[in-house]
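> Dropping a prediction and its sequence here:
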Amino acid sequence: MVCPLIVLYALGYAGIPNEGVIKTGLVSVATAPPGASVLVGGAPYPQKTPTFVRNLPPGRYPVTLQLKGHRSWSSSVEVEEEKATVLENVLLVPAEPETERLAEGPFQELAATGDAPFLLARSGPRAGEAVVLDWRTGRTRPLLPPGSVFLSNRIEFWEPVPESPYLFLALKGEDRRLCVRAKLGRGPHEIEDLSHLFPERFAHLQWDPADRDELFFAEDGFLSRVNVKSSAVYPKFAEGVRGYGLAGRKVYVVDGLGRVTRMDRDGTNAELVSEEPLLASYLARNKAFYRILVLDREKMLFWSEKGPLLAAGISYPLAEGGVEEVVPYVSGGKSKALVRERHRIGAVDFSGELPWLTWLGRGRELVRAVWAHGGSHVLFQDGRKVFLLEADVPVKAHLEELLEVKEGSAFAFVEETGKIYYLDRAGALVSWRLAPPRPSLLGRGAEGQPEGAAEP
């Protein structure tokens, strides 16, 4: 005969002295790396992470996670009857992180190059002073080959081409701006002069995420398109443009009245998507140009640098002004965006009926912020210090100080390697392992191919 208390325990009930039999809850715990010891209420739990701590009477419990070679993680969680409290995105920070000195430099600046497996480091303002790091191999190579005619030109800005090994460079020439596309690879980088495709003045350049040969730019309220492969220019196919964005092989354009129109890339088949009175009121106040971030067909953000952050379909600004960076994240049907101002950082959540901005933390001089660990954490830089902040746990967010970078530089993070790349005080390029690598992505080549595959 089975003991009745065992049956009740299996069904999620527990016997409590002076209270009788009550319903219980559980805590689901998973860590990266796995294998951490779990203490709940000060008592060790026999199983390692990932695991379930079951049959906990309702209440608040201190939880501690410990793994050799990593910092301890502690918080308190609320357990409710017949519910699971989920702690499945706990990232345990190495106590003595694995670091590697990749290049001596000294460098002044470091930047990511989009989705390609490369980072760009500069020791000076000229194109000939830039090197490219292949983070798959840890090797560096000059951005431009010896003898390039662009070695002495200053870099005005660069723009990575989404999901490709290409990098667009705007260089300062003697009498006009020069435009160059670099194909980054394991061999000598291929450099292509695109200057003849662009006017003297242009701004707000964006590459089409669906076509690496298509790019758009704005000029005096007009929107133009360039096809690099065919050297074709399609000038001023849209007019009265006060902002635009690209998504799903479509162009989204906003005019001075706050009307958002979706059209084909040649300006045809235009359809009104929404009318945004709030956006129109901001457009009437100043001459700011807005970037449209399309997370899906119904979720859009409107952002002007150091201006407000607005969302489609709501009558109030998510942020009044001073927004310096917006980093969208879309995965597994979830959409959100990281928002950085000079003194605070937050996240826009689209899971409810209306988007909502939650401020996660404050700083003195925030200069960079990126999503990390599958969008559950945020890496940000305050002055010279880099911090890790939890953004997707049902407890008070943990803040971990990680490292310091060279004055005036910023860090880069590569999800596939789990490493932070930065310049140390001496200007050397260093990697700092934060999380386990993602082997499924490490084997891709410069164009998303497996290692060893021939490049086209």
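Here it is on my side, so go on.

> Can you give me the distance of R262 to L283?
R262 sits 18 Å away from L283, taking C-beta to C-beta, to the nearest Å as the criterion. Every C-beta, even on glycine, is put in place using the N, C-alpha and C of the backbone.

> Neighbour count for these two, which is higher?
Neighbours per residue, other C-beta atoms under 10 Å: of R262 and L283, the larger number sits with L283, 22 against 19.

> so what's the more buried one up against?
By C-beta atoms under 8 Å, 6 or more residues apart in numbering, the contact set of L283 is R242, V254, G256, L257, G258, Y290.

> Shouldn't it be within a helix?
Yes: counting by DSSP: H, G, I helix; E, B strand; the rest coil, L283 is located in a helix.

> Does E320 touch P308 like I think?
Yes: the criterion here is C-beta atoms under 8 Å, and E320 meets it with P308 at 5.7 Å.

> In terms of neighbours, single out the busier of these two.
Between E320 and P308, P308 has the larger neighbour count (other C-beta under 10 Å), namely 20 against 11.

> Pull out the buried members of the contacts of L283.
R242, V254, G258, Y290 (16 or more other C-beta atoms under 10 Å).

> Quickly find the element holding the closest residue to D424 other than its chain neighbours.
Nearest residue to D424, sequence neighbours excluded (C-beta to C-beta, 6 or more residues apart in numbering): V430, at 5.2 Å. Using DSSP states H and E, V430 maps to strand 429-433.

> and that strand, what does it pack onto?
strand 99-103, strand 419-423 (3 or more C-beta pairs under 8 Å, 6 or more residues apart in numbering; DSSP states H and E).

> returning to what we had before: farthest pair in the contacts of L283?
L257 and Y290 (13.0 Å; C-beta to C-beta).

> Show me where the stretch 201-350 of the chain has its helices.
277-285 (DSSP state H, counting those that start in this stretch).

> What segments of it are strands?
203-208, 211-219, 222-227, 232-238, 243-247, 250-254, 259-263, 271-275, 290-296, 299-303, 307-311, 319-331, 334-341, 344-349 (DSSP state E, counting those that start in this stretch).

> now the ones you listed in TSV, with mean pLDDT?
Shown next, in TSV, are these (pLDDT from 0 to 100):
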stretch	mean pLDDT
strand 203-208	91
strand 211-219	91
strand 222-227	95
strand 232-238	94
strand 243-247	94
strand 250-254	94
strand 259-263	93
strand 271-275	90
strand 290-296	91
strand 299-303	92
strand 307-311	90
strand 319-331	90
strand 334-341	92
strand 344-349	94
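
> I'd like these laid out as JSON lines, including distance to I420.
Formatted as JSON lines, those follow (distance: least, C-beta to C-beta, whole Å):
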{"stretch": "strand 203-208", "distance to I420": "26"}
{"stretch": "strand 211-219", "distance to I420": "27"}
{"stretch": "strand 222-227", "distance to I420": "35"}
{"stretch": "strand 232-238", "distance to I420": "40"}
{"stretch": "strand 243-247", "distance to I420": "29"}
{"stretch": "strand 250-254", "distance to I420": "34"}
{"stretch": "strand 259-263", "distance to I420": "37"}
{"stretch": "strand 271-275", "distance to I420": "39"}
{"stretch": "strand 290-296", "distance to I420": "25"}
{"stretch": "strand 299-303", "distance to I420": "26"}
{"stretch": "strand 307-311", "distance to I420": "27"}
{"stretch": "strand 319-331", "distance to I420": "16"}
{"stretch": "strand 334-341", "distance to I420": "16"}
{"stretch": "strand 344-349", "distance to I420": "17"}
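
> in stretch 222-235, what's buried?
In stretch 222-235, counting by 16+ other C-beta under 10 Å, buried: L223, S224, R225, V226, N227, V228.

> make that stretch 41-56, sorry
Residues of stretch 41-56 classed as buried: Y45, T49, P50, T51, V53, R54, N55, L56 (neighbour count, 16+ other C-beta under 10 Å).

> With stretch 364-378 instead?
Quick answer for stretch 364-378 (16+ other C-beta under 10 Å): 366-378.

> and if you look at stretch 171-178?
Buried residues in stretch 171-178 (16+ other C-beta under 10 Å): L171, R177, L178.

> Can you tell me how far the spatially closest residue to G42 that is not a sequence neighbour is from K419?
Spatial nearest neighbour of G42, excluding adjacent residues (C-beta to C-beta, 6+ apart): P62 at 6.7 Å. Using C-beta to C-beta, P62 is found at 32 Å from K419.

> Which of the two has more residues huddled nearby?
K419 (23 against 12).

> who's in contact with the more buried one?
Per C-beta under 8 Å, 6+ apart, neighbours of K419: W135, F413, S431, W432, R433, L434, P437.

> Could you count how many residues lie near the third one?
Taking other C-beta under 10 Å as the criterion, the count of residues near S431 is 23.
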